[in-house]
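Peer 1: show me the folded form of this:
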Amino acid sequence: MRFSIIFLAWLCAAPLCAQDITITINGREYLLPPTTAVRLRGVDTTASSLLNAPEGLQVRWDSRAQRGTEPELIFAYTLEGPVTHLEPLAVLGQAITRDGNTILEGLAASTPLVIGQELSVAGLVDANGSLLATLVELPEGPLPQFALTGYVQAIDGNGDFLVGEQWVSPGNAVALDCPATITIGSYVSLMADPIEPFPPGTRLGNLTHLQCTQPVELGTPGASGWVQGLISQVDPAGNFKLGDLDVQPSPSTSYRFGSADDIDVGSAVSIDGTFVDAQTLAATAIEFAHEIVRFEAPLLPEGVVIDASTSPFGLLVRSTTQLRDEDGIVASGLASETQVQVRGYQDQAGNLWMTRVRDRGNPDFEDTALRAPVTAIDGTTLTVLGLTVDTSQSVFLDLFENPITAEQFFAALQIGDSVDVAAAQWIPNEARLVAGEVGFARVVPPAPLSIRGQTGGVVSGTARGYQRSSNVFNNGFEAN
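Peer 2: Numbers count the residues shown, from 1 in each chain. Predicted structure coming up:
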């Protein structure tokens, strides 16, 4: 007998479900009997198959995903095909960010790749035609099919369309769930028979499947849901989109690893909330996929490596394929020393990555800013990303930007908390900032991780924790 996820969550709290499989989706834990219906790489199977599957696959579950009469979890890659570019890495024309959170299967970060090498990739698709990879796998043999998912960027006079930097010739393929014609902005998922060889610039044909889909599942009015994706649009009121899903934060929405000010196009977020209607999610909690960092400081021309990195405060901040570079700083470099704002994140390996860079005018060493986690506290001196932050002359602020005393601030501050340092003097030869203001960037975390889904809800995002080598439950209790 198969059960819905809600019933599973209740049933498997008891020790009756020996050998249940633990799966984590966007930080939410589910317990699945091994006979639970799942679809893995397009094949209907059971949850026991996940024990030998790579972690980091993209997964979705909703009340419309059925096998028989029960909902079915669907695990899939986002992209499968040959490498078509190396710097940045691209597969089937889709530029890919691999950071310290990306799971690598069958290869290491240092494994050399070549044009034409086939890879399987799972991740979050950006509206700019790139992918934030959650899994990169080197398959053991030739791929049985190519797979491509993404936004249509252009259409030519023959009806061929561009996904990322990959032109697709649909030929006679019937487009499922699409309007009369595929249009720019359509989100498509397709499969094709492999083409050997496939040099860069080859048009992808031989389609065996073509469908218009959604980057994030839509929901049922009144249902709760957990979804993950890359922000595709932000409006002046602070509402934003994940694909076609409208997300509406409120003053009571809680945040983790960032704040409302960090809602930005190209940022990866997980959302907890309730569907107002099928296309609108009222957010109760927003969790960023990584710890958010921000910098504003003078930057010399040599502080930019074109298409690769910047170095605010002397820190190496690498480019991502999700980078928004409206002022062309990373694309073209700087002609002279300039005040530059860099927004991005820190991955679990401690590497810094940028998702947005802006020109802020003339260099000003007396008005710099920093937001990042604290790694050491020595009296009124903080260490942040290896930089010394002198707070002896600072005004201190609480989470709500209300003034507090230094004693209150340091009594509450913990190693690992992020702080906002503003109105700071930057002394380069000492790698030191003298802060004018210091406030907490730590925010209230979302609901406890033990909360399970609800009937009719939507779950979509990154799946982890299910391999044999992962921590599993024995006799219904977590092994210690």
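Peer 1: got phi/psi on the residue nearest to residue 219 when sequence neighbours are not counted?
Peer 2: Distances taken as CB to CB, 6 or more residues apart in numbering place residue 275 nearest to residue 219, at 3.7 Å, with adjacent residues excluded. Yep, even glycine has a C-beta here, placed from its N, CA and C like the rest. Main-chain dihedrals, residue 275, degrees, to the nearest 10: phi -80, psi 120.
Peer 1: quick check: which ranges of the chain have low pLDDT?
Peer 2: The chain contains residues with pLDDT under 70 at 1-18, 62-71, 442-457, 468-480.
Peer 1: spatially central residue for it, please.
Peer 2: By CA atoms, centre = their mean, the mean C-alpha position of the chain lies nearest to residue 268, the distance being 3.4 Å.
Peer 1: quick one: contacts for that residue?
Peer 2: For residue 268, the contact set (CB atoms under 8 Å, 6 or more residues apart in numbering) comprises 124, 132, 228-231, 288-290.
Peer 1: looking at the residues you listed, which two lie furthest apart in space?
Peer 2: Farthest pair in the contacts of residue 268 (CB to CB) is 229 and 290. Separation: 14.3 Å.
Peer 1: looking at the two, which one has more neighbours?
Peer 2: More crowded of residue 229 and residue 290, by other CB atoms under 10 Å: residue 229, with 26 against 22.
Peer 1: and the more buried one, what does it touch?
Peer 2: Neighbouring residues of residue 229 by CB under 8 Å, 6+ apart: 124, 215-216, 242-243, 245, 268-269, 460-461.
Peer 1: beyond the helix or strand where it lies, next helix or strand please.
Peer 2: Using DSSP states H and E, residue 229 sits in strand 224-230. Downstream of strand 224-230, the first helix or strand assigned by DSSP H and E is strand 233-234.
Peer 1: and that next one, what does it pack against?
Peer 2: Secondary-structure packing of strand 233-234 (3 or more CB pairs under 8 Å, 6 or more residues apart in numbering; DSSP states H and E): strand 240-242.
Peer 1: what pairs with the helix or strand just after the strand it packs on, parallel or antiparallel?
Peer 2: On the C-terminal side of strand 240-242, the closest following helix or strand by DSSP H and E is strand 245-248. Here strand 245-248 has these sheet partners by DSSP bridges: strand 240-242 (antiparallel), strand 280-288 (parallel).
Peer 1: how far out from the middle of the chain is strand 245-248?
Peer 2: Its chain's C-alpha centre and that of strand 245-248 lie 17 Å apart, by CA atoms, centre = their mean, to the nearest Å.
Peer 1: pull the CA atoms of that strand into PDB?
Peer 2: Output of strand 245-248 as PDB, limited to C-alpha atoms (Å, rounded to 0.1, in the frame of the first residue of the first chain):
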ATOM      1  CA  LEU A 245       5.000  32.000  -9.300                       C
ATOM      2  CA  ASP A 246       4.300  35.300  -7.500                       C
ATOM      3  CA  VAL A 247       5.700  35.300  -4.000                       C
ATOM      4  CA  GLN A 248       4.400  37.900  -1.500                       C
END
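Peer 1: so for that strand, what gets flagged as buried?
Peer 2: Neighbour counts over strand 245-248 (16 or more other CB atoms under 10 Å) mark 245-247 as buried.
Peer 1: distance to residue 282 for those - can I get that in TSV?
Peer 2: Shown next, in TSV, are the buried residues of strand 245-248 (distance: CB to CB, whole Å):
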residue	distance to residue 282
245	12
246	10
247	8
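Peer 1: hey, where'd the strands end up in the stretch 351-480 of the chain?
Peer 2: Here the stretch 351-480 of the chain has its strands, by DSSP state E, counting those that start in this stretch, at 352-359, 368-378, 381-384, 387-390, 395-397, 403-404, 418-427, 432-434, 437-440, 458-464, 473-474, 477-478.
Peer 1: which stretch among those strands comes nearest residue 91?
Peer 2: Each of these has some distance to residue 91 by CB to CB; the shortest is strand 458-464, at 18.0 Å.
Peer 1: would you put the C-alpha positions of the closest one in PDB?
Peer 2: Output in PDB follows, covering the C-alpha atoms of strand 458-464 (Å, rounded to 0.1, in the frame of the first residue of the first chain):
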ATOM      1  CA  VAL A 458       3.500  21.600  -3.200                       C
ATOM      2  CA  VAL A 459       7.000  20.600  -2.600                       C
ATOM      3  CA  SER A 460       9.800  21.300  -5.100                       C
ATOM      4  CA  GLY A 461      13.500  21.900  -4.900                       C
ATOM      5  CA  THR A 462      16.700  20.100  -4.100                       C
ATOM      6  CA  ALA A 463      16.700  16.600  -2.600                       C
ATOM      7  CA  ARG A 464      19.500  15.400  -0.400                       C
END
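Peer 1: please begin residue numbering at 48 from this point
Peer 2: Got it, first residue is 48 now, which makes that one strand 505-511.
Peer 1: adjacent strands (with direction) for that strand?
Peer 2: Here strand 505-511 is paired, per DSSP bridges, with strand 68-72 (antiparallel), strand 105-108 (antiparallel), strand 271-277 (parallel).
Peer 1: what sits up against that strand?
Peer 2: With CB under 8 Å, 6+ apart, strand 505-511 has contacts from 52, 70-73, 75, 102-109, 122, 150, 169, 171, 181, 263-267, 270, 272-276, 317, 322, 500, 517.
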